[in-house]
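> Sequence and predicted structure, then a few things I'm wondering about:
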Amino acid sequence: MRRRGIAPRVARLRGWGRLEGWIARPGGRWRSRLLRRPAIARLALAAVTVAISGCVPAADAGTLAPTLSMVAVRGGKVAVQNGTPVPTFAYQPRPRVELNGPWRVERRPFDSNLSLTPRSASLARIVADAGGRESPDFDDRGWGTAEVPGALNPPPDRTETGGWYRRDVQLPAGFAGQTILLRFGAVNYLADVWLNGVWLGYHEGGSTPFAFDATAAAKPGARNVVAVRVDNPPWGTRNDIVPWGLADWWNFAGIIRPAWFEASNPVHAVRADIVPHLDGADVSVVVQNAGVDAVDARLTVEVLPARATATNLLAPDPRSLLVGGGPIATQDLPAAALNAADVVRLDTTFFVADAAAWSPPSPSLYVLRVSLSVGDSVVDTLLETFGLRTVAVDPDGPSVALNGQRVALPGVALHDQLLTRRATASVSGGVPTPAQVRGQLAEAASVGARLIRTGHAPANPALLDLADRLGFAVWEEIPLYHYTPQTYGIAMKRGIPQQMLREMALRDMNHPSVLFHGLSNESTGEDQRTEALKELHEVDRGIDGTRLTGQAAYGFNPADTTSSPLDVAGYTFYHGVFYGSDAAADTQAALATAHATYPKKPIVILEFGRWADGAAGPGLQRDVFAATSRPLLADRSTVAGGYVSAAVWWTLEDYATLRPNITVEHFGLFAAEGEARPVVDAVREAFSDLPVGLAPAAVPPVPGGRAADPTSTPSGPLLLAYFAYGLAGALAVLGVAFAVMVRRGGRGHASTQRRSAP
């Protein structure tokens with residue numbers, strides 16, 4: 001993504017600082033001459049790619065195996081990780097103990113070669129190196145503290161480090177006799193976890209969730225100690241981690257998402273996955289008997305009407321969304337005999353008369369309630385929020401079709417971070433809270449955005465909850481960022497991208513807002529990339545199948561054929577900024593070439609924009625938007641002959657980066673403290689009268705065919721009123737805002753962001 005020049009982030013690699021500085025410096029010949037010639041630019045990029053591959057550490061890649069696999073059980077395949085079926089990570093009405101808040105922390109680097117060695121050969125050495133830090137009796141009173149969720153190195157701390165976390169917790173006596181899972185929303189990058197000195201296992205990957213069965217190690221009614229060893233190899237020091245080095249955002253280290261204990265009956269529903277249709281859904285429920293006795297069990301699956309309002313918008317519990325009344329659909333499923341240690345998958349289908357479909361203008365929601373009974377008693381309940389919608393490629397034309405209607409979605413990109421300006425004028429920041437994410441989406445709504453690209457990583461779950469409820473479509477992706485033939489081969493052989501994609505798809509299965517899964521960003525190689533994307537597309541289909549797949553390919557080569565295995569053809573467009581000389585004409589020519597290359601695929605522009613550095617920067621940023629938006633709007637897929645189905649401005653807000661000599665990237669529509677740049681008015685003016693292809697119902701239906709109270713319906717009016725952004729018709733914005741993947745070179749000052757949500 002954003003970088004000044006085609007070769008980003010080389011300076012972090014040993015010995016390449018001066019080369020990258022020459023490539024990226026303002027006015028440098030690379031940018032001003034070479035990049036105006038696409039053929040030369042491609043050749044130069046290939047040369048730099050080879051050089052980068054050669055300068056990255058060439059030691060054998062780590063051999064630590066992925067921990068997730070698909071296992072055949074009675075009824076079908078089930079995802080299993082760390083010896084237990086992958087659970088839902090949505091909030092459940094079960095006994096739980098939150099682990100958010102301060103933990104004792106000792107920041108320290110680790111031997112990553114050791115961390116990435118199979119635990120059969122490395123665990124004893126890891127424990128020896130720990131010096132008792134994993135033990136419940138270790139004296140950690142001299143350590144500092146860090147908040148969970150949070151980071152060990154929030155901006156401006158550029159230290160990419162790991163460390164030890166420890167937390168004392170009292171588990172309720174009522175946990176006795178229950179199955180106890182210890183769950184983490186995400187730990188960056190590689191976590192080993194102990195409970196009361198018992199090693200539970202490890203997980204690799206910094207943005208996706210994982211869980212351990214802690215039943216045997218837990219002590220209900222007593223003090224328990226959780227210890228986590230977090231290794232976060234600095235980007236650019238290894239080529240076997242994901243992302244491997246060329247990255248343009250902040251490498252937040254540590255336990256960056258919530259953590260908690262959750263207890264359930266040994267006979268319980270593990271997860272419920274929903275494949276939506278416009279008149280109902282297919283449901284798969286995974287049931288486990290983690291007890292010692294065989295039981296006869298049965299399931300009741302119910303669909304309940306739900307509604308998001310200003311009062312429940314941030315509530316994680318699905319019960320807060322229920323509007324009362326009985327279920328509108330019910331299915332009884334006998335699970336029959338469940339032997340000890342059995343895992344069973346049960347599938348069913350339900351139909352809803354006069355169903356209300358989910359879309360950005362009308363984000364109608366339901367709650368699925370799964371009740372598991374043994375004898376006459378309900379022993380477990382599981383809840384999932386979902387929406388009914390379909391997303392596909394229109395068979396009659398190259399367009400994304402949402403609920404059977406062609407759409408052209410305006411978008412903005414948003415990294416999972418929030419910056420503030422300190423009294424010293426330096427930047428600080430961290431992972432945003434749900435309330436702060438709400439504020440960011442308020443900004444997105446104010447410019448008419450209806451699509452959020454969540455940076456280059458799986459989305460913050462808080463963002464997805466809000467997107468479901470407020471009506472934003474989402475493109476989320478795995479961080480295969482600036483990959484080369486060499487690093488594609490290493491990563492795919494290790495299996496980490498495949499695991500990340502499965503974890504993301506499993507976690508977000510029931511979020512109707514997630515329409516797209518991105519599989520790679522601005523990478524090189526043809527055969528290797530095509531093969532990797534083909535495999536990842538099949539992995540995605542094997543888990544989910546309800547999203548469209550794509551990548552963000554370089555826009556200076558619109559004839560790139562590596563998107564052939566994918567559903568949409570995605571590009572980053574910086575014509576007239578990093579290549580070419582005429583933003584409007586070059587964008588139009590590139591669009592025509594992309595459409596000729598993929599005449600049956602929708603074109604999705606995943607980045608476009610410009611930095612706002614310097615006195616002239618804000619005006620030039622606005623000019624780039626105006627010039628680039630004209631051809632994009634002309635070819636939008638909601639007009640005859642159009643084929644551009646989405647476009648994303650890079651970015652909604654300025655963001656912190658670890659790129660050398662730059663603290664903050666100033667690509668945002670909004671600068672520090674939420675200040676709108678001049679480009680914001682241009683975006684609003686350009687898109688305020690452009691329909692996205694969808695419209696809310698005048699009186700949106702409630703599931704079951706009853707009339708809804710329009711004042712309490714979770715549609716466009718709720719979003720706009722809640723955020724106090726009076727954009728009449730804001731859901732009609734065909735946004736070709738495009739996420740700027742480029743960065744600017746050497747700035748003398750660093751700007752920042754932010755404020756908390758209104």
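Arrived safely, thanks for sending.

> Could you report the separation of Pro266 from Ala186?
27 Å (C-beta to C-beta, to the nearest Å). Bear in mind the C-beta positions are built from the backbone N, C-alpha and C, glycine included.

> With Arg307 instead?
Taking C-beta to C-beta as the criterion, Arg307 is separated from Ala186 by 30 Å.

> Neighbour count for those two, which is higher?
In this comparison of Arg307 against Ala186, neighbours counted by other C-beta atoms under 10 Å, the higher total goes to Ala186 at 30 against 22.

> Name the nearest residue to the more buried one, ignoring sequence neighbours.
Arg257 (4.0 Å; C-beta to C-beta, 6 or more residues apart in numbering).

> Can you check the pLDDT for that neighbour?
According to the predicted model, the pLDDT of Arg257 comes to 97.

> In this structure it contacts Ala191, no?
No: taking contacts as C-beta atoms under 8 Å, Arg257 lies outside contact range of Ala191: 11.4 Å.

> Quick check: neighbours shared by these two?
Applying C-beta atoms under 8 Å, 6 or more residues apart in numbering, one finds that Arg257 and Ala191 are jointly contacted by Phe184.

> how many other residues sit next to the nearest residue to Ala408 once chain neighbours are set aside?
Closest residue in space to Ala408, ignoring its immediate chain neighbours: Arg636 at 4.0 Å, by C-beta to C-beta, 6+ apart. The burial count assigned to Arg636 is 28, neighbours taken as other C-beta under 10 Å.

> Relative to Pro102, how far out is Arg636?
If you measure Arg636 against Pro102 using C-beta to C-beta, the figure is 49 Å.

> Val86 now?
In this view, Val86 and Pro102 are 29 Å apart by C-beta to C-beta.

> which strand in this structure runs the most residues?
strand 295-306 (DSSP state E).

> Now the helix or strand that that one is followed by: buried residues?
Next in sequence after strand 295-306, counting helices and strands by DSSP states H and E, comes strand 329-338. When burial is assessed from 16 or more other C-beta atoms under 10 Å, strand 329-338 yields the following buried residues: Ala329, Gln331, Leu333, Ala335, Leu338.

> would you turn those residues into JSON lines with distance to Thr530 and pLDDT?
Written out in JSON lines, the entries for the buried residues of strand 329-338 read as follows (distance: C-beta to C-beta, whole Å; pLDDT from 0 to 100):
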{"residue": "Ala329", "distance to Thr530": "43", "pLDDT": "94"}
{"residue": "Gln331", "distance to Thr530": "42", "pLDDT": "93"}
{"residue": "Leu333", "distance to Thr530": "42", "pLDDT": "89"}
{"residue": "Ala335", "distance to Thr530": "43", "pLDDT": "74"}
{"residue": "Leu338", "distance to Thr530": "44", "pLDDT": "93"}
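
> pretty sure Val242 is touching Pro497, no?
Yes: taking C-beta under 8 Å as the definition, Val242 is a contact partner of Pro497 at 5.9 Å.

> Can you check which residues contact both of these two?
With C-beta under 8 Å, 6+ apart applied, the overlap between the contact sets of Val242 and Pro497 consists of Ile478, Leu480, Ala491.

> Make TSV out of those and add neighbour count, distance to Trp650 and pLDDT.
As requested, these are arranged in TSV below (neighbours: other C-beta atoms under 10 Å; distance: C-beta to C-beta, whole Å; pLDDT from 0 to 100):
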residue	neighbour count	distance to Trp650	pLDDT
Ile478	30	18	98
Leu480	29	18	97
Ala491	23	24	97
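
> TSV please, covering these and showing secondary structure.
As requested, the shared contacts of Val242 and Pro497 are arranged in TSV below (DSSP: H, G, I helix; E, B strand; the rest coil):
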residue	secondary structure
Ile478	coil
Leu480	coil
Ala491	helix
